[in-house]
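Visitor: Sequence first, predicted coordinates after that:
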Amino acid sequence: MNRTSIFNLSFAPPLLLTAFAFLVPVLASSADPAGEPTFTNPIASRGADPWVIRSDSKYYYCQSRRNNGVWVNAATNLEDIGKGNWKCVWKPGPGTPWSREIWAPELHFIQGKWYIYVAADDGDNSNHRMYVLEGTSDDPTRPFTLKGKISPSVDRWAIDGTVLEMPDGKLYFIWSGWEGADNVAQNLYLAPMSDPWTIDGPRVCISRPEHAWEKHGLPINEGPEVLWHGHHLFVIYSASGMWTDNYCLGELAWNGGDVSNPKSWVKQPESAFSSSATVFGPGHCSFVTSPDGKEDWIIYHAHTYRGSGAERDIRMQRFSWNADGSPDFGIPVSAGVPLPRPSGE
């Protein structure tokens, strides 16, 4: 199959709250006075941790439904990811360590096969760990099977796992976790992988909440996502408690050294994408290109209104790049504002 490489190339619900992750599509499409096709945000009225990947001319949205498994939807147009014929690709057996509080699944195509990385527990949040699901066919809307738990030798609380694949093919797992056994802060950790389901080295902390904008509600770094731009590599992550209006995105930039060395990552001192006068708590994102590959798009969740807490919707907008190769996400576009559809649709 011809796989289209994208920049993904999770939120977890907050530590004390549970996400309501069912999506109800609310797509509004129209055309501007000049006749250009447009859409408006939100593109789905309910949802969290939107993970979207493009493959074989389709966009695939991978979503959890709390205790009801992992679901995948396919759409030709990016703005249609919240509607369509959803397929349940994995449902856990009852009474297992991975049967409840299923959070932030990510769908990846690695070494010729589909995998889903997802956090789950047995109903006790302190038991949250990352698990790997393996696809049974070339179609990511078909069933997945549980491959197993993925964790380093220091087996701690873990959510929001993603995979970094370097140009030489080496794989690394990046996730949000606790340093110890207590729920006091969430850091970002990275560890090498020997294959898509196995961590084979120690974890290293590449980011801790240190700035004021990372500590609203609780000191939190979560939802790490890989973003490439040429030879520039970034990890875009979510900061602060997602239940606060101060939830936002931060940026780590790779300086070209060993990615397993924390000194190879430089944190930007200011948030990369944060609340505006009309959009609150934007965070936990994924990245894709337009169908013709000419535009870069961010898909993210935001609060449905100021102070809505765990009630979020799904939005998307185009972003650009600064002269130094870093991303420029701009500011979140208000709901109801017509935006041009991705080019090539």
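Guide: Structure received.

Visitor: Please work out the average pLDDT along stretch 329-343.
Guide: Averaged over stretch 329-343, pLDDT sits at 98.

Visitor: Contacts for that stretch next, please.
Guide: 28-30, 32, 36-42, 77-79, 249, 272-273, 275-276, 278-279, 282, 290-292, 294-295, 297-298, 300, 302, 315, 317-320 (CB atoms under 8 Å, 6 or more residues apart in numbering). Every C-beta, even on glycine, is put in place using the N, C-alpha and C of the backbone.

Visitor: Now with 6 Å, please.
Guide: With contact meaning CB atoms under 6 Å, 6 or more residues apart in numbering, stretch 329-343 is reached by 32, 36-41, 78, 272-273, 276, 278-279, 282, 290, 292, 294-295, 317, 319.

Visitor: Buried subset of the residues you listed, written for ChimeraX?
Guide: To isolate the buried members of the contacts of stretch 329-343 in ChimeraX, using 16 or more other CB atoms under 10 Å:
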select :38,39,40,41,78,272,273,279,282,290,295,317,319
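
Visitor: Skipping adjacent residues, who's closest to H232 in space?
Guide: Spatially, and ignoring its direct neighbours in sequence, H232 is nearest to G325 (3.9 Å; CB to CB, 6 or more residues apart in numbering).

Visitor: C-terminal to the helix or strand of the chain with the lowest mean pLDDT, which secondary structure element comes first?
Guide: Least confident helix or strand of the chain, by mean pLDDT, DSSP states H and E, is strand 28-31 with a mean of 53. Helices and strands here follow DSSP states H and E; after strand 28-31, the next one along the chain is strand 37-40.

Visitor: and that following strand, what other elements does it pack with?
Guide: Helices and strands touching strand 37-40, as assessed by 3 or more CB pairs under 6 Å, 6 or more residues apart in numbering; DSSP states H and E, comprise strand 28-31, strand 339-340.

Visitor: My guess is D121 contacts H128. True?
Guide: Yes. Using CB atoms under 6 Å, D121 is in contact with H128, at 4.4 Å.

Visitor: Compare the two (neighbour count), which wins?
Guide: Using other CB atoms under 10 Å, the more surrounded residue of D121 and H128 is H128, with 26 against 20.

Visitor: wait, what's in contact with the more buried one?
Guide: For H128, counting by CB under 6 Å, 6+ apart, the contacting residues are A119, D121, W157, I159.

Visitor: which SS state does S137 fall under?
Guide: With DSSP: H, G, I helix; E, B strand; the rest coil as the basis, S137 sits in coil.

Visitor: can you start the count at 826 instead of 1 from here on
Guide: Got it, the first residue is 826 from now on, which makes the last one we talked about S962.

Visitor: Please identify the buried residues of stretch 1018-1035?
Guide: Per 16+ other CB under 10 Å, stretch 1018-1035 contains these buried residues: M1018, P1021, W1022, I1024, R1028, V1029, I1031, S1032, P1034.

Visitor: And the strands in the stretch 1026-1170 of the chain?
Guide: 1029-1032, 1046-1054, 1057-1064, 1073-1079, 1090-1092, 1108-1114, 1121-1128, 1137-1146, 1152-1153, 1164-1165 (DSSP state E, counting those that start in this stretch).

Visitor: er, the stretch 826-975 of the chain actually
Guide: Counting by DSSP E, counting those that start in this stretch, the strands of the stretch 826-975 of the chain are 853-856, 862-865, 876-880, 883-889, 895-900, 912-915, 925-935, 938-946, 954-960, 969-974.

Visitor: would you turn these into CSV with distance to V1162?
Guide: Shown next, in CSV, are these (distance: least, CB to CB, whole Å):
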stretch, distance to V1162
strand 853-856, 11
strand 862-865, 6
strand 876-880, 21
strand 883-889, 22
strand 895-900, 22
strand 912-915, 32
strand 925-935, 28
strand 938-946, 33
strand 954-960, 37
strand 969-974, 37
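
Visitor: among those, which is nearest H1041?
Guide: Nearest to H1041 among the strands of the stretch 826-975 of the chain is strand 925-935; the distance by CB to CB comes to 19.9 Å.

Visitor: which strands and helices sit next to the closest one?
Guide: strand 883-889, strand 938-946, strand 983-990.

Visitor: one step back: how many other residues sit next to the residue nearest to H1057?
Guide: Burial of G1150 is recorded as 13 neighbouring residues (other CB under 10 Å).

Visitor: I935 now?
Guide: With other CB under 10 Å as criterion, I935 counts 16.
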